[in-house]
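Peer 1: Turn this into a model:
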Amino acid sequence: MSSWGDGFRLSFGTLTVLPSGVPRRVDRVVGGRAMVLAPLVGVLVGAVAAAVVALAQLLRPEADLLAAVLGVLVVAGLSGGLHLDGLADFADALGSRRDRETMLRIMKQSDIGPFGVVAIVGVLLVDVAALTACLQAGFGWQAVLIATVASRLTLPWSCRTTIPAARPDGLGTVVATTVRPLTADFATALVLAPAIGLTWLSHPALTQQHATTWLRLCGVAAAVLTAVATSFITSRQATKKLGGTTGDVLGATVELAFPVALLTLALTV
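Peer 2: Now for the predicted structure:
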């Protein structure tokens, strides 16, 4: 059980800026469990963002854009901007179209290039626009909570046993190839079931409208699964271009999956 406690502290400390304590040990067993527990960390971050969105709507019901911006900023702020930094580094590396070693070197540099800037601006714009659409559909705080958890669900999938580390040091070496696909399947089921349940309970009137009910429930399931699909696409590109995954790739995957999940919700709920 101590390894699960260390895994939670590592996951919480890596994925948020909130105090979590220092793991007593950090090895590949703890790293794998940290990735499996990532959706739980997403619940905590998403719950805070959802509360901020709900409060903003309560105070200013007509200010959907304001509520959306605040929700997105809370998620980014509680994550310490680390995932956005990973997205920028990964975008700069791929955009360079250089050889593997050069791309890995670009990802370790502290500066952000033009591809990184475009990537960050692009995902934040989609985040805000999609969450605004969800708010207008009466599914705001639920959307930011579900999307935050779904985006962190990409981490166990990105660390499954078939994806190696791209370099011999860094976070990738601790978490790469540590999660069995069956464990990732189980984590996905644990995210899907509460997400669907939350949607059902949040809109009791839907029980009187069967077509609308099924459309919204299917939309929530699609949002979770498209986030997982984002992990497959990003991991495939990382393996093809870099030879495996890195901490930056994991952060990029989270940041790409978040707008994908929000956009799916905006178009279906």
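
Peer 1: where exactly do the helices run in the stretch 51-200 of the chain?
Peer 2: 64-78, 82-96, 100-108, 114-136, 140-158, 171-175, 181-202 (DSSP state H, counting those that start in this stretch).

Peer 1: residues making contact with the fourth one?
Peer 2: With contact meaning C-beta atoms under 8 Å, 6 or more residues apart in numbering, helix 114-136 is reached by 53, 57, 64-65, 67-69, 71-72, 76, 84, 87-92, 94-96, 112, 140, 142-144, 147, 255-256, 258-259, 262-263, 265-266, 269. C-betas here are computed from N, CA, C, even on glycine.

Peer 1: Please look at T245 and T239 and confirm they touch.
Peer 2: Yes - under the criterion of C-beta atoms under 8 Å, T245 makes contact with T239 at 7.4 Å.

Peer 1: more neighbours, those two?
Peer 2: Comparing T245 with T239 by other C-beta atoms under 10 Å, the one with more neighbours is T245, at 29 against 16.

Peer 1: The more buried one and P61: what is the separation?
Peer 2: Going from T245 to P61 by C-beta to C-beta, to the nearest Å gives 43 Å.

Peer 1: What of G5?
Peer 2: G5 sits 42 Å away from P61, going by C-beta to C-beta.

Peer 1: give me the low-pLDDT residue ranges for the stretch 101-250 of the chain?
Peer 2: 203-212 (pLDDT under 70).

Peer 1: If we use 80, what do you get?
Peer 2: Within the stretch 101-250 of the chain, the stretches with pLDDT under 80 are 202-214.

Peer 1: higher neighbour count, G5 and P61?
Peer 2: Taking other C-beta under 10 Å, G5 and P61 do not tie; G5 has more neighbours (14 against 10).

Peer 1: in a strand, that's where the more buried one is, yeah?
Peer 2: No - membership of G5 in a strand is not supported by DSSP: H, G, I helix; E, B strand; the rest coil, which gives helix.

Peer 1: who touches both of T245 and T239?
Peer 2: I163, P164.

Peer 1: which residue packs closest to A63, ignoring adjacent ones?
Peer 2: A56 (6.8 Å; C-beta to C-beta, 6 or more residues apart in numbering).

Peer 1: so that neighbour touches L65, yeah?
Peer 2: No - using C-beta under 8 Å, A56 makes no contact with L65, being 10.1 Å away.

Peer 1: of these two, who's got more company?
Peer 2: Per other C-beta under 10 Å, whichever of A56 and L65 has more neighbours is A56, with 21 against 14.

Peer 1: and the gap between the more buried one and M103?
Peer 2: Relative to M103, A56 is positioned 40 Å away (C-beta to C-beta).

Peer 1: Then V121?
Peer 2: 22 Å.
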